[in-house]
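K.L.:
just need the structure, nothing else, for what follows:
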Amino acid sequence: MIPEAPLPVLCLASASPRRRDLLASIGVAVEVRPVDIDETPQPGEGATAYVSRLAREKALAGARRSTLPTLGSDTAVVCDGEILGKPAGAEHAAAMLRRLAGRTHEVLTAVAVSGPAGVLEACVVTRVTLRAISDAEIAAYWATGEPADKAGGYAIQGLAAVFVERLEGSHSAVVGLPLFETAALLRRQGVPLWNGALGREASS
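P.N.:
Residues are numbered from 1 along each chain as shown. Okay, the predicted model is just below:
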């Protein structure tokens, strides 16, 4: 007999399969309701303020479409104080990876949860050091298709893991969601963790 899927306890205001999978890894079943907001940085807006504002706006926009507590999140790759977005093409991706190669940069991930306790927020900074990367490796990596929609032009949870020399902070935050901080926010909003997981373990 196939066990029934647990009922959603959280609305995820994002189409990111990585964030959905990260929440599933801590047993949080979600309903996915992506939102479309303007992600243009405001004049003079720093990286922390930028990702925090987008996470909050996503959570609030998603909450208007669901009766469940709603999570929004945003991640930015920052080098020399500049936010590196998703590459516009092969040359843009190559330029970003050349800039990041052989040095340390920051990845900022903000998460906001709208619910009975209001809007609760956290922002996590992780330092990532990439090894030197040759132009041939950059071209081969682009050809895989992986970096096309990734901030900074790489995915730490994917093929680009071989470029990562060192990480200081939260690995899950670089992937898309800081699980330690997210779990704390969800508990404060009354969202249960391990939803359905204990039942599956007991029946296995």
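K.L.:
A122 against S73, yeah?
P.N.:
No. Assessed by CB atoms under 8 Å, A122 is found out of contact with S73, at 9.8 Å. From N, CA and C alone the C-beta is placed, and that goes for glycine too.
K.L.:
and these two? Which one has more around it.
P.N.:
Higher neighbour count among A122 and S73: S73, with 26 against 19, using other CB atoms under 10 Å.
K.L.:
residues in contact with that one?
P.N.:
Going by CB atoms under 8 Å, 6 or more residues apart in numbering, S73 touches 14, 16, 19, 55, 58, 109-112, 176-177.
K.L.:
redo the residues you listed as TSV? Include distance to E31, secondary structure and pLDDT.
P.N.:
As requested, those are exported to TSV (distance: CB to CB, whole Å; DSSP: H, G, I helix; E, B strand; the rest coil; pLDDT from 0 to 100):
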residue	distance to E31	secondary structure	pLDDT
S14	12	coil	93
S16	14	coil	90
R19	13	helix	95
A55	18	helix	97
K58	15	helix	97
T109	22	strand	97
A110	21	strand	98
V111	17	strand	98
A112	17	strand	98
G176	18	coil	93
L177	16	coil	97
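K.L.:
most neighbours among those residues, which one is it?
P.N.:
Neighbour counts for those (other CB under 10 Å) peak at V111, which has 30 neighbours.
K.L.:
for that residue, list the residues it contacts.
P.N.:
55, 71-73, 121-124, 177-178, 181-182, 185.
K.L.:
tell me the one of those nearest A140?
P.N.:
Taking CB to CB as the measure, A140 lies nearest L177 of the contacts of V111, at 28.7 Å.
K.L.:
which residue, other than its chain neighbours, is closest to that closest one?
P.N.:
L22 (4.5 Å; CB to CB, 6 or more residues apart in numbering).
K.L.:
thinking the one you found is in contact with P178, fair?
P.N.:
No. With contacts counted by CB under 8 Å, L22 stays clear of P178, the gap being 9.1 Å.
K.L.:
any residues in contact with both of these two?
P.N.:
Common neighbours of L22 and P178 (CB under 8 Å, 6+ apart) are S172.
K.L.:
where in the chain is pLDDT low?
P.N.:
1-4, 196-204 (pLDDT under 70).
K.L.:
which residue ranges of it form strands?
P.N.:
Here the chain has its strands, by DSSP state E, at 10-12, 30-32, 70-79, 82-84, 104-115, 118-130, 164-168.
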